[in-house]
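# Predicted model follows, preceded by the sequence.
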Amino acid sequence: QVQLVESGGGLVQPGGSLRLSCAVSGLGVEYWAIGWFRQAPGKEREGVSCISSSGGTKHDTGSVKGRFTISRDNAKNTVTVNLQMNSLKPEDTAVYYCATGQSLASLVPGLYDYWGQGTQVTVSS
């Protein structure tokens, strides 16, 4: 059974920083890519950042390039994935999800099989 648990969300002022974490557990999860996604009210879920199993390949959506950094630490059947978010903007406000379940580092939500419950990020003064 694959489980993903996000943490680290909260309320932050514009220009501030947050660090999201995703604890992933399950047989062989260290061999899968992991992605961070977000969904704002009334909008479709979008890919934010993703990372390959080795950490050697990363992709970021254009609006977060230079501001967000994804990283991962692998262990047998467990992975911790972090998303460091700097220079946050009000438009970054959303529920953030991590997902896994396939080998390709992709920002396409439909490619992922397993999802966490999400963590709320609110950027507001």
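That came through fine.

# And the closest residue to G8 other than its chain neighbours, its phi and psi?
Of all residues not flanking G8 in the chain, L20 sits nearest, at 4.2 Å (Cβ to Cβ, 6 or more residues apart in numbering). Using the backbone N, CA and C atoms, a C-beta is placed for each residue, glycine as well. Taking degrees, to the nearest 10, you get phi -90, psi 140 for the backbone angles of L20.

# L20 - how many residues pack around it?
Using other Cβ atoms under 10 Å, L20 has 23 neighbouring residues.

# thought it was touching N82?
Yes. Because the distance of 6.8 Å satisfies Cβ atoms under 8 Å, L20 is recorded as touching N82.

# so where's this protein uncertain?
Under the criterion pLDDT under 70, no range of the chain is flagged.

# Kindly indicate whether the residue most central in space within it is helix, strand or coil.
Nearest to the mean C-alpha position of the chain, by Cα atoms, centre = their mean, lies W36 at 2.2 Å. Recorded secondary structure, W36: strand (DSSP: H, G, I helix; E, B strand; the rest coil).
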